[in-house]
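> missing the sequence, but the structure's below:
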């Protein structure tokens, strides 16, 4: 996939996320299908932090510091360390969408950068900026799937009805 196409898709995904997060009640955005699963609020917080501190920051790091090892981050730990569950859902969603817009603008300014630039990731070895960009898009898709599963589980739990007529989930 071309760099421009990936950037276009990241921009399109901003609108997809906007729709997936729109008009959610507190009951919905705090709903957990299982105790160890993230609620919609935690997913939104994760997406915001990943937008700022992972993908965009790491690609920038590759372009700016290719001779240095990449600093480590721990997104799963951020859920509790940053107390995601106490955040305001609407504010987090709004901030995430703003950050995505900043990311798209930043990426468009670098379409002609050397996307084959590489860095040593402490756990995964040598990784290129292009690899990070593709994984950014894949990360979107993984969380869209997670959000859709959450919506389905919420509907099933709230309705108390058999949803088999809709098709196999």
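Perfect, thanks for sending it. No experiment lies behind these values; they were computed from the predicted model shown.
> Now do the SS call for residue 127.
Here residue 127 is recorded as strand under DSSP: H, G, I helix; E, B strand; the rest coil.
> heads up, I number from 6, so please use that
Will do, 6 is the new start, and the previous item becomes residue 132.
> Let me know the pLDDT of it.
Residue 132 is assigned 91 on the pLDDT scale.
> and the closest residue to it other than its chain neighbours, bridged to which residues?
The shortest distance from residue 132 to any non-neighbouring residue, by Cβ to Cβ, 6 or more residues apart in numbering, is to residue 126 (4.8 Å). Every C-beta, even on glycine, is put in place using the N, C-alpha and C of the backbone. Beta-bridge pairing of residue 126 under DSSP bridges involves residue 130.
> what sits against residue 126?
74-75, 132 (Cβ atoms under 8 Å, 6 or more residues apart in numbering).
> Between those residues, which sits nearest residue 25?
Among these, residue 132 lies closest to residue 25 (Cβ to Cβ), at 28.5 Å.
> thinking that closest one is in contact with residue 122, fair?
No: with contacts counted by Cβ atoms under 8 Å, residue 132 stays clear of residue 122, the gap being 10.0 Å.
> joint contacts of those two?
residue 67.
> Only whichever of the contacts of residue 126 are buried, select them in PyMOL.
Selection of buried members from the contacts of residue 126 for PyMOL, criterion 16 or more other Cβ atoms under 10 Å:
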select buried, resi 75+132
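> Now render the contacts of residue 126 as a markdown table, adding distance to residue 156.
As requested, the contacts of residue 126 are arranged in a markdown table below (distance: Cβ to Cβ, whole Å):
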| residue | distance to residue 156 |
| --- | --- |
| 74 | 39 |
| 75 | 34 |
| 132 | 33 |
